[in-house]
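Asks: next input, structure requested:
(chains A and B)
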Amino acid sequence: MKKINANSALKLLQQNLVLCGILVLIVVTAIVEPKFLGAANLNNILRQLGPLPFAALGMTFVIIAGFIDLSNVGVISLVGVLTMGMISFLGQVGALIFGILLGALLGYLNGLILTKCGAMTQAEVLFITYGMSSVYTALALLYTKSETLRITSSTKPYTIFTTLGSVSIGIIPVSLIVFLIVLVIMHFFLTRTIWGRSISILGGNKDAAFLAGFNVEGTMRLAYTIEGIMAALASIMLFSRVTTATATSGSGYETNAILCVVVGGTTLKGGKGSVLRTMLGVVLITMLGNCMNMLNLSTYMQTIMRGAVLVIAIWLDNRKEL
Amino acid sequence: MENANDYILEVKDICKYFPGVKALDHVSLSVPRGVVYGIVGENGAGKSTLMKILSGVYEKDEGTVIFNGETIEHTTPIQALERGLSIIYQEFNLVNTMTVGENIFLGRFSLNHGMRGTHKKARELLDSIGSSINTNSLVGDLSASEMQMVEIAKALSFDSKLIIMDEPSSSLTSEELKKLGIIINQLRDRGVSVIYISHKLDEIFEYCNIVAIMRDGCVIDVKPVEELTRGEMIAKMVGRTIENEYPPRAHFVGEPLLEVKNLNTRKLHNISFTLHKGEILGLVGLVGAGRTEIIRAVYGADKVKGHETLLEGKPVRVSSPKQAKKAGMALVPEDRKREGLILPFSVQNNITLASLSDLTHHGVVDSSKEREIAERQIEALGIKTPSPDTKVVSLSGGNQQKCIVGRWMERDPKILIMDEPTRGIDVGAKYEIYVLMNKIVEEGGAIIMISSELPEVLNMSNRVLTICDGRITGEFNPEEASATEIMDKAIG
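Replies: Next up is the predicted model:
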């Protein structure tokens, strides 16, 4: 009886490892650095939650479908510079719509190229999306001529973007509210709609899905289109906060997004996962970054820590199978 | 007191626990030198677990293993090999992109002083078992039977004293099986012991000297093969008596339902056939003859052009499984795990897979309806599962197969295509699948069945087509034709 209790406790711990990690992190940092729980820092953490949750959310869909995407770096950069550039031509609403549509288009294009290439293994997908990322980044460089664009030099109003970037209702930033709405919609989409289901089924077993009459290629393109839209939203949140856009502003988002997804407990093998879990992953990774800053860890050390967390997350995921 | 050295392998009181199950319960076996030792049992009886403990894939929880007079506490697969214990798994352990010679001595080329020596040594090993495979061929180009020869040669290259063959015949044709029998006899004559694990009792009777029967993690009985009848063996395996292995043949054949005309690909030549309502049509042929290619083309799974498909006399276009599904076809694929099941998913999700689009409103899946479908099929097919939410991967092979059949039954398919419908399924579950097949044709459906088990085809089909080298070579009424006549046409 005692053994069973210990076992189930262990299981509970294993299933809620991220949550436990977050708690441990909060307690330890709060003891070492009491300022951590101060209002100023909490506000800071909430504001840091801007672009990354969107990027991680999109990545969740692609990973559940059994693939991966390195191109969101390029998508974030290209959407950022073009959307900012479009404010002066289309106005702020037009630019916002343009940015989201551009993200969807680039994502769809990724999916189209992958299906036309017949890329069905993760390695093929990895390299093709990496290549697409270079293309998008290069296009962004061509457009900006390597210069930094500033939202303040737009000739039309841009209040939507500044609102998204720096206004808070109470202590909750507007960008976070937008994200929570998107999160609920995407959670519903993934778990309750046939399209979301198809994405999970695809990740579970492509051959079986095909023989059961699913449109495998169409579903794959759908997953990448969602990823594109989410990358575009991440891009808009990013330049709204920093008020500038460059051809490389997306860099680092692919690994950080994958990190959040995996740490959240969505397996890289595909088929299983949840956007809510990814959200926990985002919280953990963001807090980890914040804690390390509070504890005055160097940037290099922080990079090492992120890498270690990713390795541990994959290790734990594989142990779960046993 | 027996001399311990008479036995190559002694296993005493082995227990193995998995979360929630006792996979092996005080299992004891003694395998003498130079015999073929059969192990039979239904799926889940513990055969594979036992083998995985012997080869070092799993760790035992209790008990002792004595191999070749030496007590083995811990072992790893490579240590087991070096001690002289080889396992040939159902799914071969070969590198498809390397040559035969390279595979036999994989990672041990220095043993033979380079590649030339390796190929020479590989040749000798293959010659010693009477195989003429070129050592420079790529393994990926070989047939299943040839790959098995390579595996046996590999086992011999380690100077194995005990070779365990796990379901060695599952991908062999009957001709290839005869060859395997000869080789097993040669191995025995050399003093090598063979543990032969199989569902197919005919093979056990033909090749084995001693047979151990396992059920639910226990060894039920160990006897010389001569002292057992087929019926006794089955009764001990399933723990009850099965009067018949096959239900009475169904007779509901009506007018033409599906006509396929002039199907041609690189591998198939002029395939034309008709399937009637209420008919079970058996396709017989060697592995690689093109049986699976035919049904994949008919089902739209492979891109094939130029042939004509008529459904109830009207031409239809089937260029994807999606269209096939719309036309009322269903496919139960050969490889359950690779092509049939979504392994990380629940029983429910696997059953509703093909009907998902029917239970959605504006894109939203109706989960109560989904539950209803799952429960209906679990009930109708007698799927043994703790709950519809159980992961399908934890079910036995027979119950997994029923999940796939149930997936299609929900759609009332007009044409059910079954590729090796009972592969790797135990005797009891086989019978239930046969009964299901009869029920489908009784309700006006029709079945195309591919099977490598001739008795199954002969007992279940209304009509048999033999396929050889991508051509239809004969058509038989299985109630009149003999097995030899049919095999004669299938071999070509």
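
Asks: for stretch B:51-65, output the C-alpha coordinates as CSV.
Replies: These are the backbone C-alpha positions of stretch B:51-65, laid out as CSV (Å, rounded to 0.1, in the frame of the first residue of the first chain):
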residue,chain,number,x,y,z
MET,B,51,13.3,-13.7,-24.7
LYS,B,52,14.0,-10.1,-24.0
ILE,B,53,15.3,-11.0,-20.5
LEU,B,54,17.5,-13.7,-22.0
SER,B,55,19.0,-11.3,-24.6
GLY,B,56,19.5,-8.5,-22.0
VAL,B,57,16.9,-6.1,-23.3
TYR,B,58,15.0,-6.3,-20.0
GLU,B,59,16.3,-7.0,-16.5
LYS,B,60,14.7,-9.9,-14.6
ASP,B,61,13.1,-9.2,-11.2
GLU,B,62,13.6,-12.7,-9.7
GLY,B,63,15.1,-16.1,-10.6
THR,B,64,18.3,-17.4,-12.2
VAL,B,65,19.5,-17.9,-15.7
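
Asks: quick one: contacts of that stretch?
Replies: Contacts made with stretch B:51-65 from outside it, assessed by CB atoms under 8 Å, 6 or more residues apart in numbering or on different chains, are listed as B:9-17, B:24, B:26-28, B:49, B:67, B:71-72, B:74-77, B:79-80, B:85, B:87, B:164, B:166, B:195, B:197. C-beta: built from backbone N, CA, C; applies to glycine.

Asks: can you pull the buried residues of it?
Replies: B:51, B:52, B:53, B:54, B:55, B:56, B:58, B:60, B:63, B:65 (16 or more other CB atoms under 10 Å in any protein chain shown).

Asks: tell me how far it lies from the chain's centre.
Replies: 24 Å (CA atoms, centre = their mean, to the nearest Å).

Asks: just give the nearest non-adjacent residue to the most centrally placed residue in chain A, would you?
Replies: With distances taken as CA atoms, centre = their mean, chain A has residue A:56 as the residue nearest its mean C-alpha position (1.7 Å). Taking CB to CB, 6 or more residues apart in numbering or on different chains as the measure, residue A:56 lies nearest to residue A:260, with 3.9 Å between them; neighbours along the chain are not counted.

Asks: now do residue B:79 against chain A, distance only.
Replies: Separation of residue B:79 from chain A (CB to the nearest CB, to the nearest Å): 21 Å.

Asks: low-confidence stretches in the chain?
Replies: Looking at chain A here, since you left the chain open. The model of chain A has pLDDT under 70 over residues A:1-8, A:10-15, A:320-322.

Asks: ah, no, chain B please
Replies: Low-confidence segments of chain B, defined by pLDDT under 70, are located at B:1-5, B:19-21, B:43-44, B:171, B:240-243, B:492.

Asks: show me what from it comes close to chain A.
Replies: Of all the residues in chain B, those in contact range of chain A (CB under 8 Å from any CB of the partner chain) are B:19, B:299, B:301, B:320-322, B:324-326, B:331, B:333, B:338-345, B:349, B:353-354, B:356-357, B:360, B:363-365, B:367, B:407.

Asks: let me see the domain layout of chain B.
Replies: Structural domains annotated on chain B: B:4-238, B:256-491, as defined by automatic domain parsing.

Asks: just the buried residues out of the contacts of stretch B:51-65, in PyMOL syntax.
Replies: A single PyMOL command is used to select the members of these judged buried by 16+ other CB under 10 Å:
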select buried, chain B and resi 9+10+11+14+16+24+27+49+67+72+75+80+85+87+164+166+195+197
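
Asks: centre of the chain to the top helix by length along chain A, how far?
Replies: For chain A, the helix reaching the highest residue count under DSSP state H is reported as helix A:72-117. The gap between where helix A:72-117 is centred and where its chain is centred comes out at 16 Å by CA atoms, centre = their mean.
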